[in-house]
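Colleague: okay, predicted coordinates and the sequence, questions at the end:
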Amino acid sequence: MIWWYWMLLGIVLLGVEMVTPGGFYILFFGLASLIIGGLSGLGFAQAEWLQWLLFSGLSVLSLLVFRGPLLAWIKTKDKEMPIVDSMVGESAVLFEDLVPGGTGKAELHGTTWTVHNAGQAPLKKNQRCKVERVEGLALWIAAE
């Protein structure tokens, strides 16, 4: 098969992987296709039977070797994300003065959050405040 057919097939397979929910199956076939396209374009795999053999072998081997560690790595990345509901009781630092019932911005865990003053007292810029509750992506805070 012509080398650019392999490249086109690889791009299509990677595109299909991106738009389908799944467990990273098509990814390895797309990568193998790109590798075979590169080898064929460089003149290392000219025979069509060799191209198909290498494609099959690379696809299955990479699927068996790399899919498990890739899924495990992604699951550990998901666990590192902070659980928003667990932020109750944490301290946030205000970026601006905030009147009772007012809305502003504060920093918590290195991220800027929209905050609402849930207390009865005005809050000052750079003041540490306690997170009372979380609603969506907004934090309700009060003086510590």
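Modeller: Received the coordinates, thanks.

Colleague: number of nearby residues for residue 26?
Modeller: Residue 26: 19 surrounding residues under other Cβ atoms under 10 Å. Backbone N, C-alpha and C define where each C-beta goes, glycine included.

Colleague: skipping adjacent residues, who's closest to it in space?
Modeller: Distances taken as Cβ to Cβ, 6 or more residues apart in numbering place residue 17 nearest to residue 26, at 4.2 Å, with adjacent residues excluded.

Colleague: which strand or helix spans that neighbour?
Modeller: helix 3-19 (DSSP states H and E).

Colleague: ok, residue 138 touching residue 118?
Modeller: No - contact criterion Cβ atoms under 8 Å: residue 138 and residue 118 do not qualify, at 10.6 Å.

Colleague: neighbour-wise, which of these two wins?
Modeller: Using other Cβ under 10 Å, the more surrounded residue of residue 138 and residue 118 is residue 118, with 17 against 13.

Colleague: what sits against the more buried one?
Modeller: Contact partners of residue 118, counting by Cβ atoms under 8 Å, 6 or more residues apart in numbering, are 132-133, 140-142.

Colleague: let's see it at 7 Å
Modeller: For residue 118, the contacting residues are 132, 140-142, by Cβ atoms under 7 Å, 6 or more residues apart in numbering.

Colleague: cool, and residue 27?
Modeller: Contacts of residue 27 (Cβ under 7 Å, 6+ apart): 14, 17.

Colleague: separation between it and residue 101?
Modeller: Here residue 27 is placed at a distance of 50 Å from residue 101 (Cβ to Cβ, to the nearest Å).

Colleague: so what's residue 31 up against?
Modeller: Counting by Cβ under 7 Å, 6+ apart, residue 31 touches 10, 62.

Colleague: how many degrees apart are the helix or strand it falls within and helix 3-19 in direction?
Modeller: Here residue 31 sits within helix 26-41, counting by DSSP H and E. In terms of direction (axes from the mean of the first three to the mean of the last three Cα atoms, to 10 degrees), helix 26-41 departs from helix 3-19 by 170 degrees.

Colleague: and the residue lying closest to residue 87 once chain neighbours are set aside, its phi and psi?
Modeller: Nearest residue to residue 87, sequence neighbours excluded (Cβ to Cβ, 6+ apart): residue 131, at 5.2 Å. Per-residue torsions, residue 131: phi -80, psi 120 (degrees, to the nearest 10).

Colleague: lovely, talk soon.
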